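[1] sequence below, structure please.
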Amino acid sequence: MARSGQTQNKREKEKKKIKKRKEKEAKRLERKENSNKGGSFEDMIAYVDADGNLTDTPPDPTQKVEVEVEDIEIAIPKKEDREEEEIITDTEGKVSFFDHSKGFGFIIGKQTGEKYFVHVSGLIDEIDENEKVSFELEQGMKGLNAVRVKIID
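    Here you go, the predicted model:
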(Lines give C-alpha, C1' and ligand atoms only; values in the text may rest on other atoms or scores of the structure.)
Protein backbone atom coordinates (compact mmCIF):
# COMPACT_ATOMS: atom_id res chain seq x y z
CA MET A 1 0.00 0.00 0.00
CA ALA A 2 1.40 3.44 -0.96
CA ARG A 3 1.73 6.28 1.51
CA SER A 4 0.07 9.64 0.88
CA GLY A 5 2.29 12.52 -0.24
CA GLN A 6 1.72 14.47 2.98
CA THR A 7 2.50 13.47 6.51
CA GLN A 8 0.35 14.40 9.51
CA ASN A 9 2.78 17.16 10.51
CA LYS A 10 2.66 18.81 7.08
CA ARG A 11 -1.17 18.80 7.11
CA GLU A 12 -1.22 20.48 10.53
CA LYS A 13 1.23 23.17 9.39
CA GLU A 14 -0.88 23.84 6.29
CA LYS A 15 -4.04 24.14 8.44
CA LYS A 16 -2.27 26.63 10.76
CA LYS A 17 -1.14 28.74 7.76
CA ILE A 18 -4.68 28.86 6.37
CA LYS A 19 -6.10 29.75 9.81
CA LYS A 20 -3.50 32.52 10.26
CA ARG A 21 -4.29 33.93 6.79
CA LYS A 22 -8.02 34.05 7.62
CA GLU A 23 -7.36 35.80 10.97
CA LYS A 24 -5.11 38.33 9.28
CA GLU A 25 -7.74 39.04 6.62
CA ALA A 26 -10.42 39.45 9.32
CA LYS A 27 -8.24 41.96 11.23
CA ARG A 28 -7.55 43.89 8.01
CA LEU A 29 -11.27 44.15 7.24
CA GLU A 30 -11.99 45.25 10.81
CA ARG A 31 -9.36 48.00 10.61
CA LYS A 32 -10.75 49.13 7.26
CA GLU A 33 -14.27 49.41 8.71
CA ASN A 34 -13.06 51.30 11.79
CA SER A 35 -10.98 53.76 9.78
CA ASN A 36 -14.13 55.00 8.02
CA LYS A 37 -15.77 55.59 11.42
CA GLY A 38 -12.89 57.86 12.51
CA GLY A 39 -14.81 60.99 11.55
CA SER A 40 -14.12 63.86 9.25
CA PHE A 41 -11.01 65.98 9.08
CA GLU A 42 -12.78 68.85 10.87
CA ASP A 43 -13.39 66.59 13.89
CA MET A 44 -9.67 65.88 14.18
CA ILE A 45 -8.46 69.52 14.13
CA ALA A 46 -7.20 70.99 17.41
CA TYR A 47 -6.67 74.70 18.07
CA VAL A 48 -4.34 76.47 20.49
CA ASP A 49 -5.86 79.22 22.65
CA ALA A 50 -4.10 82.38 23.92
CA ASP A 51 -2.77 80.52 26.98
CA GLY A 52 -1.22 77.74 24.87
CA ASN A 53 -3.86 75.10 25.72
CA LEU A 54 -5.38 72.79 23.09
CA THR A 55 -9.10 73.29 22.41
CA ASP A 56 -11.61 72.06 19.85
CA THR A 57 -13.10 75.52 19.21
CA PRO A 58 -11.47 77.90 16.74
CA PRO A 59 -9.93 81.10 18.16
CA ASP A 60 -11.76 84.42 18.10
CA PRO A 61 -10.49 86.41 15.06
CA THR A 62 -10.96 89.74 16.90
CA GLN A 63 -8.28 88.76 19.46
CA LYS A 64 -5.71 87.97 16.79
CA VAL A 65 -2.28 89.55 17.43
CA GLU A 66 -0.07 90.59 14.52
CA VAL A 67 3.60 89.63 14.85
CA GLU A 68 6.32 91.27 12.79
CA VAL A 69 8.76 88.90 11.11
CA GLU A 70 11.71 90.92 12.45
CA ASP A 71 10.54 90.32 16.06
CA ILE A 72 10.82 86.53 15.77
CA GLU A 73 14.11 85.20 17.20
CA ILE A 74 14.98 81.63 16.36
CA ALA A 75 18.52 81.45 17.78
CA ILE A 76 20.16 82.44 21.04
CA PRO A 77 21.25 86.07 20.96
CA LYS A 78 24.97 86.72 20.51
CA LYS A 79 27.00 87.40 23.63
CA GLU A 80 27.53 91.05 22.58
CA ASP A 81 23.78 91.60 22.13
CA ARG A 82 22.76 90.17 25.51
CA GLU A 83 22.36 92.50 28.45
CA GLU A 84 25.15 92.04 30.97
CA GLU A 85 24.07 91.06 34.46
CA GLU A 86 25.39 92.95 37.44
CA ILE A 87 28.34 90.93 38.70
CA ILE A 88 30.35 91.79 41.79
CA THR A 89 33.83 92.29 40.41
CA ASP A 90 36.18 92.96 43.34
CA THR A 91 35.58 90.60 46.22
CA GLU A 92 37.56 88.96 48.95
CA GLY A 93 37.45 85.44 50.30
CA LYS A 94 39.27 82.43 51.66
CA VAL A 95 40.58 79.42 49.73
CA SER A 96 38.64 76.43 51.04
CA PHE A 97 40.22 73.83 48.75
CA PHE A 98 42.89 73.80 46.05
CA ASP A 99 44.44 70.79 44.32
CA HIS A 100 47.71 71.71 42.63
CA SER A 101 47.97 68.42 40.74
CA LYS A 102 44.55 68.89 39.11
CA GLY A 103 44.75 72.68 38.86
CA PHE A 104 41.44 73.73 40.40
CA GLY A 105 39.85 74.60 43.71
CA PHE A 106 37.15 76.61 45.49
CA ILE A 107 37.04 79.98 47.21
CA ILE A 108 34.42 80.97 49.77
CA GLY A 109 33.36 84.61 49.33
CA LYS A 110 33.70 86.86 52.40
CA GLN A 111 30.57 88.94 51.69
CA THR A 112 28.18 86.26 50.35
CA GLY A 113 29.58 83.05 51.84
CA GLU A 114 29.13 81.29 48.49
CA LYS A 115 31.65 78.90 46.97
CA TYR A 116 33.23 79.90 43.69
CA PHE A 117 35.19 77.63 41.36
CA VAL A 118 38.74 78.71 40.57
CA HIS A 119 41.05 77.27 37.90
CA VAL A 120 44.82 77.57 37.77
CA SER A 121 44.46 79.63 34.56
CA GLY A 122 42.64 82.33 36.60
CA LEU A 123 45.43 82.77 39.17
CA ILE A 124 47.81 85.71 39.39
CA ASP A 125 49.60 84.47 42.54
CA GLU A 126 50.07 80.85 43.52
CA ILE A 127 47.55 80.01 46.26
CA ASP A 128 47.17 77.39 48.99
CA GLU A 129 44.31 76.35 51.24
CA ASN A 130 43.15 78.76 54.01
CA GLU A 131 44.79 81.82 52.38
CA LYS A 132 42.91 85.11 52.11
CA VAL A 133 42.57 86.23 48.50
CA SER A 134 40.95 88.93 46.39
CA PHE A 135 39.35 87.96 43.11
CA GLU A 136 36.91 88.96 40.41
CA LEU A 137 33.89 86.94 39.27
CA GLU A 138 33.06 85.97 35.73
CA GLN A 139 30.24 83.86 34.36
CA GLY A 140 31.51 80.39 33.49
CA MET A 141 29.91 77.36 31.89
CA LYS A 142 28.28 76.16 35.13
CA GLY A 143 28.13 79.34 37.21
CA LEU A 144 30.34 82.09 38.56
CA ASN A 145 34.10 81.48 38.46
CA ALA A 146 36.81 83.31 40.40
CA VAL A 147 39.41 84.88 38.11
CA ARG A 148 42.41 87.19 38.59
CA VAL A 149 42.98 85.69 42.04
CA LYS A 150 45.63 87.45 44.20
CA ILE A 151 46.82 86.77 47.72
CA ILE A 152 46.03 89.45 50.33
CA ASP A 153 48.79 90.15 52.86
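
[2] right, and the helix or strand after the longest helix along the chain?
    Counting by DSSP state H, the longest helix found in the chain is helix 8-36. Going down the chain from helix 8-36, the next helix or strand is helix 41-44, by DSSP states H and E.

[3] quick one: pLDDT of the closest residue to residue 150 other than its chain neighbours?
    Nearest residue to residue 150, sequence neighbours excluded (C-beta to C-beta, 6 or more residues apart in numbering): residue 124, at 4.8 Å. C-beta here means a position set from N, CA and C on the backbone, and glycine is covered the same way. pLDDT, residue 124: 90.

[4] coming back round to it: counting by contacts, list what the longest helix of the chain packs against.
    Counting contacts by 3 or more C-beta pairs under 8 Å, 6 or more residues apart in numbering; DSSP states H and E, there are no secondary-structure elements packed against helix 8-36.

[5] helices and strands of the protein: which one bottoms out on pLDDT?
    Lowest on mean pLDDT, DSSP states H and E among the helices and strands of the chain sits helix 41-44, with a mean of 75.

[6] how close does residue 41 get to residue 57?
    Note on residue 41: its distance to residue 57, by C-beta to C-beta, to the nearest Å, is 16 Å.

[7] circling back to that earlier point, for the residue nearest to residue 150, give me its contacts.
    Residue 124 makes contact with 148-150 under the criterion C-beta atoms under 8 Å, 6 or more residues apart in numbering.

[8] what lies in contact with the next helix or strand after the least confident helix or strand of the chain?
    Going down the chain from helix 41-44, the next helix or strand is strand 47-48, by DSSP H and E. Residues outside strand 47-48 that contact it (C-beta under 8 Å, 6+ apart) are 54-59.

[9] tell me the pLDDT at residue 8?
    pLDDT, residue 8: 85.

[10] same question but for residue 127, I mixed them up
    Residue 127 is given a pLDDT of 91.

[11] before we move on, what SS does the closest residue to it other than its chain neighbours have?
    Spatially, and ignoring its direct neighbours in sequence, residue 127 is nearest to residue 95 (5.3 Å; C-beta to C-beta, 6+ apart). At residue 95, secondary structure determined by DSSP: H, G, I helix; E, B strand; the rest coil is strand.

[12] right, I'll call it a day here.
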